[in-house]
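Student: quick one, what's the 3D model for this:
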Amino acid sequence: MISSRHLVDPQLSPLLDLIPPTTLSLETLPALRSRPAMFQADPRDIERTDLAIRMIPGPSGAPDVQVLFYRPKDLAGPAPCILHIHGGGYVAGDAQSMEAVHRRLAADLSCCIASVNYRLAPETPFPGPVEDCYAALAWLVSSADELKLDTARLGVMGESAGGGLAAALALLARDRGEYRLAFQHLIYPMIDDRTCVAAEPHPFLGEFIWTPTANHFGWTSLLGREPGGEDVSPYAAAARAENLADLPPTFLATGALDLFLEENLEYARRLIRAGVPTELHVYPGAFHAFQWAAEAEVSKAAARDSHAALARALGVM
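Tutor: Got it, this is the predicted structure:
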């Protein structure tokens, strides 16, 4: 890999000192999972929102699934909702770590947010994680009256592995035909295991935060075998889907230095070719998780684009 440091947006450079490249293995995974959340919820956002922690029925034969459900305190009537799926390379992360983001997003967009604590790999490989997310979708629809939700404005959102699960969930919902999502909002989604075995890997991608080594560990953990082989389900790696028609309108954002750049660009191209309304953003000088450098201009631009797209999708402009 050729060094890409000279391509990094200078305002993002300080973030690289806070988040070193992830060295992942079975031995280091417990330490990664035990890292504290990077940000705490603003007391003003806590004042504006309610949080209910619910245990919902899991997939058949599997444990119940925890869902964190946020609702603005002043929200009346049937409300739009985002089913959010957290990132973490399929092997780490949890819904609670996103509380700061979820409380503010729910209050600012006047919507509910349901964040699902799906089971993690390698302890629970595919299809466990995506089936947990599907169970959360089923619960939201079946409990819409109790939760005061407008299911016509229910969409899915995720970052990194959460974006991969969101894309897989959209495929699963389309193919099972039980529920219809209003949109999918994908932030640098992890959607293609074949990136691990690319014959000609991009020379400038994946140097920072989420590396090819980490990616190989994440995909091996989810699939329970080496990535890049035959017969990988599209519900594990959404880029494997042969047919992308009839998926919900899509927002997809990624960084120009993100390891997932090329798989994200190809997915967006195929969505557009399949007739799916698709909004694509590529942010120059940006690596994986760049939005955590909240004061950088490129991060502010990404936040504005994401917020505006969600407002349109939720019908709360």
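
Student: quick one, phi/psi of the closest residue to residue 300 other than its chain neighbours?
Tutor: Spatial nearest neighbour of residue 300, chain neighbours left out: residue 294 (7.5 Å); criterion: C-beta to C-beta, 6 or more residues apart in numbering. C-beta coordinates here come from the backbone N, C-alpha and C atoms, glycine included. Backbone geometry at residue 294, expressed as degrees, to the nearest 10, gives phi -60, psi -20.

Student: which ones are touching residue 121?
Tutor: By C-beta atoms under 8 Å, 6 or more residues apart in numbering, the contact list for residue 121 reads 90-91, 128-129, 218, 221-222, 224.

Student: in this structure, which ranges drop under the pLDDT threshold?
Tutor: 1, 20-22 (pLDDT under 70).

Student: which residue ranges of it form strands?
Tutor: Per DSSP state E, the chain carries strands over the ranges 49-56, 65-72, 79-85, 112-117, 149-159, 184-187, 250-255, 278-283.

Student: now render these as a markdown table, adding distance to residue 106.
Tutor: As requested, these are arranged in a markdown table below (distance: least, C-beta to C-beta, whole Å):
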| stretch | distance to residue 106 |
| --- | --- |
| strand 49-56 | 5 |
| strand 65-72 | 4 |
| strand 79-85 | 8 |
| strand 112-117 | 5 |
| strand 149-159 | 12 |
| strand 184-187 | 14 |
| strand 250-255 | 18 |
| strand 278-283 | 22 |
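
Student: which pair in the contacts of residue 121 spans the largest distance?
Tutor: Checked with C-beta to C-beta, the contacts of residue 121 reach their widest spread between 128 and 218, with 14.8 Å between them.

Student: so for the two, which residue has more residues nearby?
Tutor: Taking neighbours as other C-beta atoms under 10 Å, residue 128 and residue 218 compare with residue 218 leading, 27 against 19.

Student: the residue nearest to the more buried one when sequence neighbours are not counted and residue 244, how far apart?
Tutor: Leaving aside its sequence neighbours, residue 218 sits nearest to residue 89 (C-beta to C-beta, 6+ apart; 3.7 Å). Distance of residue 89 to residue 244, given as C-beta to C-beta, to the nearest Å: 24 Å.

Student: then residue 158?
Tutor: Taking C-beta to C-beta, one finds residue 158 at 17 Å from residue 244.

Student: what do you get for residue 45?
Tutor: 36 Å.

Student: out of the two, which sits in the busier spot?
Tutor: With neighbours defined as other C-beta under 10 Å, residue 45 and residue 244 compare such that residue 244 has more, 23 against 20.

Student: correct me, but the more buried one touches residue 271?
Tutor: Yes: if you go by C-beta atoms under 8 Å, residue 244 and residue 271 touch, sitting 5.3 Å apart.

Student: residues near the residue nearest to residue 216 when sequence neighbours are not counted, how many?
Tutor: Of all residues not flanking residue 216 in the chain, residue 196 sits nearest, at 4.8 Å (C-beta to C-beta, 6+ apart). Neighbour count of residue 196, defined by other C-beta under 10 Å: 19.

Student: repeat that for residue 96.
Tutor: 15.

Student: can you pull out the helices in the stretch 151-300 of the chain?
Tutor: Assigned by DSSP state H, counting those that start in this stretch, the helices in the stretch 151-300 of the chain fall at 161-176, 212-223, 261-273, 297-314.

Student: out of these, which one sits most buried?
Tutor: Of all the helices of the stretch 151-300 of the chain, helix 161-176 carries the top mean neighbour count, a mean of 25, counting by mean count of other C-beta atoms under 10 Å.

Student: from the chain's centroid, how far away is it?
Tutor: 10 Å (C-alpha atoms, centre = their mean, to the nearest Å).

Student: tell me the angle that helix makes with strand 250-255.
Tutor: Angle, helix 161-176 to strand 250-255, by axes from the mean of the first three to the mean of the last three C-alpha atoms, to 10 degrees: 160 degrees.

Student: all further residue positions should be reported with the first residue as 5.
Tutor: In the new numbering, first residue 5, that becomes helix 165-180.

Student: mind listing residues that contact helix 165-180?
Tutor: If you take C-beta under 8 Å, 6+ apart as the criterion, helix 165-180 is touched by 87-94, 97, 122, 133-134, 137-138, 141, 160-162, 183-185, 188-195, 222, 238-242, 245, 250-252, 271.

Student: drop anything exposed from those.
Tutor: Using 16 or more other C-beta atoms under 10 Å as the burial test, those include 87-94, 97, 122, 133-134, 137-138, 141, 160-162, 183, 185, 188-195, 222, 238-242, 245, 251-252, 271 as buried.

Student: unless I'm mixing things up, residue 136 is touching residue 61, no?
Tutor: No: contact between residue 136 and residue 61 fails when scored by C-beta under 8 Å: they sit 10.7 Å apart.
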